[in-house]
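In: Next comes the sequence, and after it the predicted model I'd like to discuss.
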Amino acid sequence: MNQTTPVRPDMFCPLLDDYRCGDFFFGTAHGRLLARDTLARIRRPVDAQLAAEVTTSLRTAREGGHDNPVAVGALPFHAGQDSNLHIPLTVARSAAAGIAPAPRPTGRGVLAVSRLPEPEQYAAGVARAVAAIRAGHARKIVLARALDITPADPVDPAEVLAHLVHHDPHAFGFAVSVTPRDTTSAHRTLVGASPELLLSRRGKHVVSHPLAGSIPRSPDPREDKARAQSLQASAKDHDEHSHVTEGIAAALLPHCRKLHVPAAPSVVRTATMWHLATRITAELRSPDTSSLDLALALHPTPAVCGSPLAAAHAVIAASEPFDRGLYTGMVGWCDESGDGEWAVTIRCAEINHRNVRLFAGAGIVADSCPESELAETSAKFQTMLNALGLPNTL
Ligand SMILES: C=C(O[C@@H]1C=C(C(=O)O)C=C[C@H]1O)C(=O)O
C-alpha cells in the first residue's frame, strides 16, 4: 500500500476489500481511509494536553521523513481513560468510494447472551432518570445498555464491516483495533456504522451534524413514513434534540465565527432508525485550532451524555453496569494541517473472535416513557445484530 493511493476506478469497493484485522478503517460513500501498521502510538488520558500531543507526534513523524502523517483512532467516552490513537506507517485514501457490494449473508447461532442490565432493569433506570429530571436534577440523561453475545461461530470483523458499509453506505463505517498491547490473545476490534458526525474541519470550514430524537423504522413503507412524520411532530423529541444543538453551538462559539444553526431539525434515516438531525456549520477563527481541539471541546455532547453534563454523568455512572469504553466516544482522523473528521462512536460492537459486545443508548427527557426508550435501544441494536448475522430478537 502506498502512502497515498489514488482512486482505482476498476475497483468496485476500494480499500474496504483491502481491510484486514488490525488495520484502521474509516469512511462513508464519499471517501475512505485505510491505515496499516504503527509508527507511533498515542495512548494517554483524554485531557487538555491530548490534542497538543497529537500535533507534536505528527510534527515528529514529518521530521522523521514521514510524508503527510495522519493520526487515526478512537477516544473513549470518559475523560481520564486512555486514547486509542496512532500514527500509521501507511495510509491509503479513496475519494469517491461508491456503494459496497452485498456481502454474502451469514446466519449465526447463539451459545449465550448476557444483557447488561436486564431489559426490565433498564426500563426501571429510565423511570428513575425521568423522576430525577422532573425533580430538576438534570434536563436530559442518556442511558445505554449492552449485550454480551457468544455466537456459535467465530466472527470475522472484515465481514461485519463489509455488511455495514453495504447496508448503511452514508454512515461512517469504522473498524479500530482495540487489542491490548500486553496480550497474545485474539484480535479485538471495534466495528460500527455511525450515522452521527461529531465534527469535521477542512481548512476554515467546520461542520457538526448531531442526531437526537429517534424512532425505529418499519418494513411497511406507509408505516415507515408515518413514523418519520410523528418524529418530526414530537415535542418530546424536539426537546431532546434542542439540548444537543444548544450544547454544540455553545462549545463551538469560542473557536468559530459565522456559526449557523438551522431553526428546526430535519429527519434523517439509517437502515433501521429515523433521527432528528441538525447540520451546524461555522468558520474557524484560528487555523491553529485542529479538528481534534474542536472535537474535544464538543465531547461528550448532550446526544450521548445529557445536560448538564456533570449531573448526567453521575446518573450514568450509577445506572450503567458496564464500562462504555470507546462507545459514545469519537472515532476518526486528524492530519498535520488540523483537518480531520470525527464521528460519534455509536451503532458498534466490540468483536473478539467468539465474543461480541453490542452497545445502544437513548436520550431521556421529562416526557420519556421507559418502554419506548427500551424499544428504541432494541431497534438501535439491529444495525449490529444484522451485520453479525445474529437473530434480531436478542
Ligand atoms: C446513544 C446512541 O445514540 C444517540 C442517541 C440518540 C437519541 O437519543 O435519539 C440518537 C443518536 C445518538 O446521538 C446510540 O445509538 O447508542
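Out: Cool, got the structure.
In: ok, Phe26 touching Ala171?
Out: No: with contact defined as Cβ atoms under 8 Å, Phe26 does not count as touching Ala171 (11.2 Å). Yep, even glycine has a C-beta here, placed from its N, CA and C like the rest.
In: what do the two both touch?
Out: Common contact partners of Phe26 and Ala171 (Cβ atoms under 8 Å, 6 or more residues apart in numbering): none.
In: Give me the pLDDT for Pro180.
Out: Looking at Pro180, its pLDDT reads 79.
In: So what's the residue count around it?
Out: 7 (other Cβ atoms under 10 Å).
In: check contacts around it.
Out: Pro180 neighbours (Cβ under 8 Å, 6+ apart): Arg188.
In: where's it relative to the ligand, distance?
Out: 24 Å (Cβ to the nearest ligand atom, to the nearest Å).
In: Can you classify that residue by secondary structure?
Out: coil (DSSP: H, G, I helix; E, B strand; the rest coil).
In: ok, now the one 5 residues further on?
Out: Using three-state DSSP, the structure places Ser185 in coil.
In: Roughly how far does it sit from Cys348?
Out: 20 Å (Cβ to Cβ, to the nearest Å).
In: Neighbour count: these two, which is higher?
Out: Legend: neighbour count by other Cβ under 10 Å for Ser185 and Cys348, higher for Cys348 (28 against 9).
In: Which strand or helix spans Arg93?
Out: strand 84-94 (DSSP states H and E).
In: That strand pairs with which strands, parallel or anti?
Out: Applying DSSP bridges, strand 84-94 is found paired with strand 31-42 (antiparallel), strand 70-75 (antiparallel).
In: Quick one: residues in contact with the last one.
Out: Here strand 70-75 makes contact (Cβ under 8 Å, 6+ apart) with 24, 26, 33, 35, 42, 46, 50, 54, 57-58, 83-88, 91, 174, 176, 178, 190, 292, 296, 299, 326, 329-336, 345.
In: Point me to the residue of the stretch 101-250 of the chain nearest the ligand.
Out: Ser214 (3.5 Å; Cβ to the nearest ligand atom).
In: That residue contacts Leu231, correct?
Out: Yes: between Ser214 and Leu231 there is a contact under Cβ under 8 Å: 7.4 Å.
In: Run through the chain and note the low-pLDDT ranges.
Out: Along the chain, the parts satisfying pLDDT under 70 run over 1-13, 96-98, 105, 182-184.
In: let's see it at 90
Out: Where the chain drops to pLDDT under 90, the residues are 1-17, 28-30, 47-48, 80, 95-107, 179-187, 353, 392-394.
In: quick one: the spatially most central residue of it and the ligand, what's the gap?
Out: Note on the chain: the residue nearest the mean C-alpha position is Thr345, at 1.9 Å, using Cα atoms, centre = their mean. Separation of Thr345 from the ligand (Cβ to the nearest ligand atom) stands at 9 Å.
In: For Glu223, the count of nearby residues, please.
Out: Neighbour count of Glu223, defined by other Cβ under 10 Å: 11.
In: The helix or strand that contains it near the ligand anywhere?
Out: Following DSSP H and E, one finds Glu223 within helix 221-233. No: applying Cβ under 6 Å from any ligand atom, one finds helix 221-233 separated from the ligand by no less than 9.4 Å.
In: Output that helix in PDB, but only the C-alpha positions, please.
Out: Taking C-alpha atoms only, helix 221-233 is exported to PDB below (Å, rounded to 0.1, in the frame of the first residue of the first chain):
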ATOM      1  CA  PRO A 221     -43.400   1.900   3.600                       C
ATOM      2  CA  ARG A 222     -46.600   3.600   4.700                       C
ATOM      3  CA  GLU A 223     -46.000   3.000   8.400                       C
ATOM      4  CA  ASP A 224     -42.300   3.900   7.900                       C
ATOM      5  CA  LYS A 225     -43.400   7.300   6.500                       C
ATOM      6  CA  ALA A 226     -45.900   7.800   9.300                       C
ATOM      7  CA  ARG A 227     -43.200   7.200  11.900                       C
ATOM      8  CA  ALA A 228     -40.900   9.800  10.300                       C
ATOM      9  CA  GLN A 229     -43.800  12.300  10.400                       C
ATOM     10  CA  SER A 230     -44.600  11.500  14.000                       C
ATOM     11  CA  LEU A 231     -40.900  12.100  14.900                       C
ATOM     12  CA  GLN A 232     -40.900  15.400  13.100                       C
ATOM     13  CA  ALA A 233     -44.000  16.400  15.100                       C
END
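In: contact partners of it?
Out: Gly213, Ser214, Ile215, Pro216, Arg217, Ser218, Asp237, Val267, Arg269, Trp274, His275, Leu276.
In: re earlier: number of nearby residues for the residue of the stretch 101-250 of the chain closest to the ligand?
Out: 22.
In: contacting residues for it?
Out: With Cβ under 8 Å, 6+ apart, Ser214 has these contacts: Leu231, Asp237, Met273, Trp274, His275, Leu276, Ala362, Glu376, Ala379, Lys380.
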